[in-house]
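**Student:** predicted coordinates and the sequence they were generated for:
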2 protein chains.
Amino acid sequence: MYKAKVNITLRKSILDPKGKAAHHALQNLGLKNVEDVRIGKFVEMNIEAGSKEEAQDIAETACAKLLANEVMEDYRIDIE
Amino acid sequence: MYKAKVNITLRKSILDPKGKAAHHALQNLGLKNVEDVRIGKFVEMNIEAGSKEEAQDIAETACAKLLANEVMEDYRIDIE
């Protein structure tokens, strides 16, 4: 059993209104040193697989088919 | 300038309907080996600070005050 941790972020060229709103709110809270806030998704899942490579393949498939929108988003998978 | 990466997850005891829906959809796509899907938020931000510790403190404040709901969510901060 492997644990996959997936970070999904909007591509750099795509505008991130959630991040912009969070950045603005942080400024209003006095955290002026925070810049370039971007908000994405974090997905954790357990994968039943024979090897780390197999777990990685399954996680890739899950991202490509369902979890991420590859037109607008990048993802990074860590298998533990 | 430090880069803070924050993973925000629902606490284990809190029901995660988004994760349940994703799990169900993955099963329907034939990915039967995936279990216990949980979906959270991923926040990236740049922090202008004199030291890693100071950057960590600023990120903690941002999470506690705005980004995470500590009643329902846990967060983990990585400073790079």
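**Tutor:** Ah, there it is.
**Student:** I'd say residue A:55 and residue A:45 touch.
**Tutor:** No. Counting by Cβ atoms under 8 Å, residue A:55 stays clear of residue A:45, with 9.8 Å between them. Backbone N, C-alpha and C define where each C-beta goes, glycine included.
**Student:** what sits in contact with each of those two?
**Tutor:** Counting by Cβ atoms under 8 Å, 6 or more residues apart in numbering or on different chains, the shared contacts of residue A:55 and residue A:45 are residue A:4.
**Student:** in which helix or strand does the residue located most distally from the centre of chain A reside?
**Tutor:** Farthest-out residue of chain A from its mean C-alpha position, per Cα atoms, centre = their mean: residue A:30, at 27.0 Å. Per DSSP states H and E: residue A:30 is located in neither a helix nor a strand.
**Student:** just the mean pLDDT for the helix or strand hosting residue A:3, thanks.
**Tutor:** Element membership for residue A:3, per DSSP H and E: strand A:2-10. For strand A:2-10, mean pLDDT is 96.
**Student:** what about that strand, near chain B?
**Tutor:** Yes. Contact of strand A:2-10 with chain B (Cβ under 8 Å from any Cβ of the partner chain) involves A:5, A:7-9.
**Student:** next: stretch A:59-76.
**Tutor:** Yes. Against chain B, stretch A:59-76 shows contacts by Cβ under 8 Å from any Cβ at A:61-62, A:65-67.
**Student:** turn the residues you listed into CSV, including distance to residue B:19, pLDDT and secondary structure.
**Tutor:** Shown next, in CSV, are the residues of stretch A:59-76 next to chain B (distance: Cβ to Cβ, whole Å; pLDDT from 0 to 100; DSSP: H, G, I helix; E, B strand; the rest coil):
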residue, distance to residue B:19, pLDDT, secondary structure
A:61, 18, 95, helix
A:62, 12, 96, helix
A:65, 16, 94, helix
A:66, 12, 95, helix
A:67, 11, 96, helix
